[in-house]
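Colleague: Need a 3D model of the sequence below.
(one chain, ligands or ions: 2)
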Amino acid sequence: MPLRISPSILSADFVNLERDLQRIATADLVHVDVMDNHFVPNLTLGLPIVQRIQEVSPLPLDVHLMIEDADRWAPRYAETGAFSVTFSAEAARDPKTLARDIRGAGARAAVAVKPGTPVEPWLDLLDEIDMILVMTVEPGFGGQSFLDDTMPKLRKAREAIDASGLDVWLEVDGGINDRTIRTAVKNGADTVVAGSAVYAGDGSEPRDRIAALRLAAAPVA
Ligand code: DX5
Ligand code: ZN
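Modeller: Ligands and ions are numbered 1, 2, ... in the order given. As a prediction, the model looks like this:
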């Protein structure tokens, strides 16, 4: 299974965002966290900025919406040309229609579940979605600790996806570092978000951090 790394620009320097986007060009996707200060107690960026990121990013956009009224807004993010748009399960009123609207606007449709939200209802909708995001921290902030107790849920999703034979990706987001990435991959993740581990702020290059994460995920024997 190929591992995809999706660095989160939540830990990048927003004043030098174009530079920081170029610095992660060896990753697979760029993870863009959209927060509205209602669904989560934090505020980041919205449509016009996602549109500009789309125009300059060397990588496809993995947009993660932590906003209320996802049914209304998610398709608009898909229209920016984003590769993938993830809505929060807890914020969707009509998930099936919403997923179809995202796909209809040309993006992959994905659903995120908070640590306390069961994944089972979504396993019956696998043919309507392209990715499940299992949150491994409470959404809202970078730099939190990985919640190991989300792993049974990740395994359950992996089993259902494999049994379906569908091309549904399985992403984890939150607390990923050189140790926890191994845990996440062992439990079935094929797509991994990492914010503070990539933009470490300690002088290390994001490109080196990405390479270290890939190695940590699949150590050479
Ligand atoms: C948290 C965001 C994450 C965040 C992860 O709610 O969804 O994408 O950037 O940050 P780290 O990797 O530092 O936990
Ligand atoms: Zn995220």
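Colleague: Residues of this structure that sit close to ligand 1?
Modeller: Within the chain, the positions adjacent to ligand 1 are 8, 10-11, 31, 33, 64, 137, 139-144, 173-176, 193-197 by Cβ under 6 Å from any ligand atom. Bear in mind the C-beta positions are built from the backbone N, C-alpha and C, glycine included.
Colleague: Which of these fall in helices?
Modeller: Judged by DSSP state H, helices contain none of these.
Colleague: For the buried ones among those residues, write the corresponding PyMOL selection.
Modeller: Command for PyMOL, covering only those of the residues of the chain next to ligand 1 found buried under the criterion 16 or more other Cβ atoms under 10 Å:
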select buried, resi 8+10+11+31+33+64+137+139+140+141+142+173+174+175+176+193+194+195+196+197
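Colleague: residue contacts, residue 42?
Modeller: 35, 66, 140-141 (Cβ atoms under 8 Å, 6 or more residues apart in numbering).
Colleague: let's see it at 7 Å
Modeller: Contacts for residue 42 (Cβ atoms under 7 Å, 6 or more residues apart in numbering) come out as 35, 140-141.
Colleague: Could you export those to TSV, including columns for pLDDT?
Modeller: Putting these into TSV (pLDDT from 0 to 100) gives the following:
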residue	pLDDT
35	98
140	98
141	98
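Colleague: May I see those arranged in JSON lines, with distance to residue 100 as well?
Modeller: Output for those, formatted as JSON lines (distance: Cβ to Cβ, whole Å):
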{"residue": "35", "distance to residue 100": "25"}
{"residue": "140", "distance to residue 100": "28"}
{"residue": "141", "distance to residue 100": "31"}
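Colleague: And for residue 217, the neighbour number?
Modeller: 19 (other Cβ atoms under 10 Å).
Colleague: Might one say that it is in contact with residue 3?
Modeller: Yes - contact status for residue 217 versus residue 3: in contact at 5.3 Å, counting by Cβ atoms under 7 Å.
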